[in-house]
Every structure is written in C-alpha cells, then in structure tokens.
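Peer 1: Predicted model and sequence below, questions to follow.
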Amino acid sequence: MEQYIIKGGKALAGEVTIGGAKNAALGILAASIMTDETVVIENLPDVRDINVLLQAIEEIGAKVERVDRHTAKISGGQISLVSIEYDFIRKIRASYYLIGALLGKYKTAEVALPGGCNIGSRPIDQHIKGFEALGADVKIQHGMIQANAKKLVGSHIYLDMASVGATINIMLAATLAEGQTIIENSAKEPHVVDVANFLNSMGANIKGAGTDVIRIKGVSKLHGSTYSIIPDQIEAGTFMFAAAATKGDVTVKNVIPKHLEAITAKLVEMGAEVEEFDDSVRVVATKRLGHTQVKTLPYPGYPTDMQPQITAVLAMSEGTSIVTESIFENRFKYVDELVKMGASIKVEGNTAIIDGVKELTGAIVSAPDLRAGAALVIAGLAAEGFTVVEQIEYIERGYENFEGKMRELGASMEKVDAEDEKAIRKFKLKVG
C-alpha cells in the first residue's frame with residue numbers, strides 16, 4: 001500500500017495549475033456515449049474515478065481512445081451491452097450516470113449500485129422518481145438498478161432536494177425523451193451547468209442550467225462534439241486552504257473565480273488575503289488565521305466537499321469555530337485523525353466545535369475518504385515534524401499528481417510504499 005510522508009512547517013509558495021473538474025467529467029463521459037458519432041473530451045483529469053468510468057464505457061462496446069493524458073476520443077456507435085455489473089464500477093459513485101445515458105439512448109439500462117466514499121447515506125430515490133416520471137419502470141434487484149421504458153415522455157419533475165446526481169441523471173434521460181421536461185428545485189452547481197453545456201454542444205435543447213428550474217426539449221438524436229471541461233473548484237479550494245494553512249503565497253491558475261466565491265469569502269473572513277484575476281486567484285497568509293462559522297449548503301453556498309479542508313485550517317486558527325455539515329451525516333470521521341495531531345475538536349451530531357491550537361504535530365493518520373484525505377495532507381503540511389497519511393487511494397480518486405503539485409510549491413512530501421522502510425528513511429534523511 002502506498003502512503004504520503006510529509007515533513008511539515010514549510011510555507012507553500014509559487015503557482016499551481018488546476019485540472020478539469022472530476023464531478024463534471026463523470027457526467028460528461030456518461031453523456032458522451034449518447035451519440036453514435038465521435039466526441040472529443042478535453043481537460044479530463046487523470047484520476048482513478050475517471051479512468052474507471054472510461055474502462056466501463058469501453059467494456060460495453062464504446063470505442064475509447066486516449067489522445068493524451070487529458071484528452072479522450074469516444075465513439076458510442078458500437079455499444080452492444082446495456083448491462084454493467086463489473087466489480088470496479090461499484091467503486092465509483094457516478095456509475096449511476098450511465099443509467100440516465102443508456103436509458104435515454106436505448107430505453108433500457110442495468111447498472112451495478114454505486115459505491116464511492118463512505119460519507120453517509122446518498123439515496124438514489126430522486127433519480128428513480130425522475131426516471132419513473134419520464135415513463136420508465138425501475139427495479140433494484142441483485143444489487144443492480146434496472147430501468148426499462150417502451151418510450152420516454154417529457155414530464156414535470158419536482159425534486160424533494162436539490163440533488164446534483166439526480167439533476168444530471170434526469171437531464172441525461174430527458175434529452176432524448178419526447179416533448180418537454182421541466183426539473184424544478186434542480187441543483188445549481190457549476191458541474192450541472194457544464195454537463196448541460198456539453199449536451200447542448202451535441203444538439204440537445206436544455207435551458208436554465210444553473211438556476212433552480214431546468215427546461216429540456218427532447219431531441220431525436222445527438223451528434224458529435226469537441227468539448228473542454230471546466231476547472232475543478234474543489235481542487236482549487238484545496239490548494240487555496242493549503243496556502244493559508246502553511247502561511248504561504250500561492251497563485252492558483254486555470255480557475256473560474258466566480259465558482260470559488262464561497263471559499264474565498266471564508267478565507268478573507270479568517271484573515272487571509274485573496275486576490276482575484278481573470279482565471280486565477282492568489283492566496284497569501286502572513287499570520288495565524290482567525291475563527292469563523294461555516295455551514296455547508298448546496299451551490300452557491302459553502303461546498304460540502306470543502307468542509308474537511310476548512311476544518312483542518314480552523315484547527316490551527318485563533319479562537320473557537322463552528323462547522324455545521326448539512327449535506328452528509330457521516331462527514332466528520334476524519335476528526336479523530338486530526339485529534340491525533342493535537343487538534344481540539346468536539347463533534348456533536350452534525351456540528352464540529354473547534355478550539356484552535358497554536359500548532360499541530362505530525363502523526364500517522366489514515367484517510368477515511370477523498371476530501372478528508374486532502375484535509376489530513378493540509379494538516380500535515382502545516383504541522384511540526386513528520387506526518388504519514390495512509391489509505392491515499394481515496395485521495396487519488398479525485399486529485400491528479402497531488403504530491404507532485406504540492407512539491408512544486410515547496411512542500412516536503414513524497415509518495416512511498418508503506419513496506420519500503422528504506423525509502424521512508426531516505427526521505428527523512430533528505431529533509432532533515
């Protein structure tokens with residue numbers, strides 16, 4: 001098993017370039033098989049979740065060509081299977097987008113129930129409600145979701161909660177349904193807009209993405225397209241907090257500053273300086289940061305995927321902070337790991353009360369999920385001494401070349417084999 005070993009205490013400085021948004025890419029890749037023509041997707045992040053989905057698309061008969069590390073050419077004209085039950089597909093949450101895509105195109109789909117990070121209950125009842133409203137018969141049997149329809153007909157769908165997954169999935173299926181579909185209380189996240197823009201580039205007729213009402217006029221077929229994925233706001237936010245935690249000066253490039261407003265606002269409130277440019281942001285922290293209150297909310301509120309990262313920084317900030325998680329009920333599992341590093345955090349239900357300490361100290365910690373793993377790396381970069389982060393396969397699900405990008409900013413951080421005592425000793429000797 002691989003792990004990160006980190007010598008903390010160095011201020012990060014320099015420039016980092018952000019990759020394509022993982023969450024947008026997953027929806028876009030599923031959508032790419034909805035045409036028989038060739039689609040070229042650019043700015044794809046080279047992370048585990050994306051590679052698993054590409055493998056699944058290939059397994060059902062689509063032609064996938066990796067043009068380069070961040071570009072894929074996909075042709076869905078030869079799809080022979082509409083049943084996907086490979087073990088690997090269960091590992092990613094977004095496997096469910098293949099249901100909407102296959103149901104839209106072939107009026108039938110069978111996909112293994114999704115996995116992903118264990119951060120709490122993420123039911124797919126809203127997805128099923130949407131598919132059924134469009135005329136599909138949906139069953140869950142033997143760990144598989146089966147959806148079948150003689151035809152799909154547009155409908156008026158009100159989501160009980162603004163679910164990103166359900167919004168994208170219903171949008172995929174409705175694109176090739178007959179007539180008009182209206183999704184009310186739809187999610188407004190940037191990646192919902194990106195998937196809609198991609199579908200429109202293939203000839204779909206979707207209006208209102210980014211608002212809480214999306215209108216879709218069904219079309220009979222989609223055509224090929226070349227499309228570049230938006231930058232990843234969560235990767236950007238992670239580096240912004242890493243800069244703040246280490247009292248650094250980092251310019252985060254290839255971002256859409258508007259997508260980062262909730263993150264930027266909190267950093268400024270805590271006492272960091274944030275400078276915005278057209279497609280980059282610069283974060284400078286010269287002193288210990290202050291406390292704040294955070295509540296996770298659907299976009300444009302503070303993102304749940306940035307909750308562990310801000311908690312790690314607040315653990316070292318002055319005063320008492322309160323972080324409330326209103327999206328997932330099981331998202332504070334990493335707190336015990338921060339406590340091993342000297343943090344003073346008490347979790348009560350969906351709220352963490354954080355008494356900032358002057359400094360954290362290195363420890364052996366384990367990543368319980370993707371974003372929590374990134375938060376533990378941030379803590380390790382700021383802590384005194386050596387930190388080992390285990391179970392980094394979670395982190396690699398959503399961050400490309402994480403340790404390489406951190407090293408370019410001056411971090412003392414390496415990926416090593418847990419069994420390789422020699423490599424661990426060598427790293428410790430090298431950084432002193």
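Peer 2: Okay, I see it. Just so it is clear, the structure is predicted and the values come from calculations on it, not from any experiment.
Peer 1: Near the residue nearest to N197 when sequence neighbours are not counted, how many residues? Count them for me, please.
Peer 2: Once flanking residues are discounted, N197 sits nearest to A209: 7.3 Å by C-beta to C-beta, 6 or more residues apart in numbering. Using the backbone N, CA and C atoms, a C-beta is placed for each residue, glycine as well. Burial measure for A209: 26 neighbouring residues, criterion other C-beta atoms under 10 Å.
Peer 1: Now do the contacts for A209.
Peer 2: The contact partners of A209, taken as C-beta atoms under 8 Å, 6 or more residues apart in numbering, are 171, 186, 192-193, 195-197.
Peer 1: what's the least confident helix or strand in this structure, going by average pLDDT?
Peer 2: Of all helical and strand segments in the chain, the minimum by mean pLDDT, DSSP states H and E falls on strand 83-84, at a mean of 80.
Peer 1: Next, the buried residues of the following helix or strand past that strand.
Peer 2: Where DSSP states H and E defines the elements, the next helix or strand beyond strand 83-84 is helix 97-106. Of all the residues in helix 97-106, those buried under the rule 16 or more other C-beta atoms under 10 Å are 97-105.
Peer 1: Show the secondary-structure elements that whichever helix or strand comes after helix 97-106 is packed against.
Peer 2: Past helix 97-106, heading to the C-terminal end, the next element that is a helix or strand (DSSP H and E) is strand 108-112. With contacts taken as 3 or more C-beta pairs under 8 Å, 6 or more residues apart in numbering; DSSP states H and E, strand 108-112 sits against strand 83-84, helix 97-106, strand 144-148.
Peer 1: what lines up beside the shortest one in the sheet?
Peer 2: Counting by DSSP bridges, the strands paired with strand 83-84 are strand 108-112 (parallel).
Peer 1: what about G385, neighbour count?
Peer 2: Around G385 sit 15 other residues, with neighbours defined as other C-beta under 10 Å.
Peer 1: is it true that it touches K7?
Peer 2: Yes: counting by C-beta atoms under 8 Å, a contact exists between G385 and K7, whose distance comes to 7.5 Å.
Peer 1: Mutual contacts of the two, please.
Peer 2: Counting by C-beta under 8 Å, 6+ apart, the residues touching both G385 and K7 are G362.
Peer 1: now what about the least confident helix or strand of the chain, what contacts it?
Peer 2: The set of residues external to strand 83-84 that reach it, using C-beta under 8 Å, 6+ apart, is 56, 59-60, 95, 98, 109-112, 144.
Peer 1: give the contact list for G100.
Peer 2: 30, 109, 127, 131, 168-173.
Peer 1: tell me which element E261 falls in.
Peer 2: When elements are defined using DSSP H and E, E261 is found to belong to helix 261-270.
Peer 1: List the buried residues of that helix.
Peer 2: When neighbours are counted by 16+ other C-beta under 10 Å, the buried residues of helix 261-270 are found to be 262-264, 266-267, 270.
Peer 1: Reformat these as JSON lines; add distance to G362 and pLDDT.
Peer 2: Putting the buried residues of helix 261-270 into JSON lines (distance: C-beta to C-beta, whole Å; pLDDT from 0 to 100) gives the following:
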{"residue": "A262", "distance to G362": "31", "pLDDT": "98"}
{"residue": "I263", "distance to G362": "26", "pLDDT": "98"}
{"residue": "T264", "distance to G362": "29", "pLDDT": "98"}
{"residue": "K266", "distance to G362": "26", "pLDDT": "98"}
{"residue": "L267", "distance to G362": "25", "pLDDT": "98"}
{"residue": "M270", "distance to G362": "23", "pLDDT": "98"}
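Peer 1: Need these in JSON lines (columns: distance to E42).
Peer 2: Output for those, formatted as JSON lines (distance: C-beta to C-beta, whole Å):
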{"residue": "A262", "distance to E42": "27"}
{"residue": "I263", "distance to E42": "25"}
{"residue": "T264", "distance to E42": "27"}
{"residue": "K266", "distance to E42": "31"}
{"residue": "L267", "distance to E42": "30"}
{"residue": "M270", "distance to E42": "35"}
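Peer 1: Relative to R397, which of the residues you listed is nearest.
Peer 2: Taking C-beta to C-beta as the measure, I263 is the one of the buried residues of helix 261-270 closest to R397, at 20.6 Å.
Peer 1: Surely the closest one is in contact with T238?
Peer 2: No: under the contact definition of C-beta under 8 Å, I263 does not touch T238, with a separation of 9.5 Å.
Peer 1: what do those two both touch?
Peer 2: Common neighbours of I263 and T238, counting by C-beta under 8 Å, 6+ apart, are M306.
Peer 1: Give me the pLDDT value at the closest residue to G8 other than its chain neighbours.
Peer 2: On the basis of C-beta to C-beta, 6+ apart, the spatially nearest residue to G8 that is not a chain neighbour turns out to be A383, at 4.0 Å. pLDDT for A383: 98.
Peer 1: Thought G9 was touching A383, still the case?
Peer 2: Yes: the pair A383 / G9 is scored as a contact, 7.3 Å apart, by C-beta under 8 Å.
Peer 1: Looking at these two, which one has more neighbours?
Peer 2: In terms of neighbours (other C-beta under 10 Å), A383 is the more surrounded of A383 and G9; the figures are 28 against 15.
Peer 1: and the more buried one, backbone torsions?
Peer 2: The phi/psi pair for A383 (degrees, to the nearest 10) reads phi -70, psi 160.
Peer 1: Same question for V64.
Peer 2: phi -120, psi 120.
Peer 1: From G76, how far off is it?
Peer 2: The span separating V64 from G76 equals 10 Å under the rule C-beta to C-beta, to the nearest Å.
Peer 1: Then E348?
Peer 2: In this structure, E348 and G76 are 49 Å apart, going by C-beta to C-beta.
Peer 1: Could you do M306 as well?
Peer 2: The value you get for M306 to G76, if C-beta to C-beta is used, is 34 Å.
Peer 1: how about the helices in the chain?
Peer 2: Applying DSSP state H to the chain gives helices spanning 22-32, 48-59, 97-106, 125-133, 164-175, 190-201, 233-245, 261-270, 307-314, 335-340, 370-382, 402-408, 421-431.
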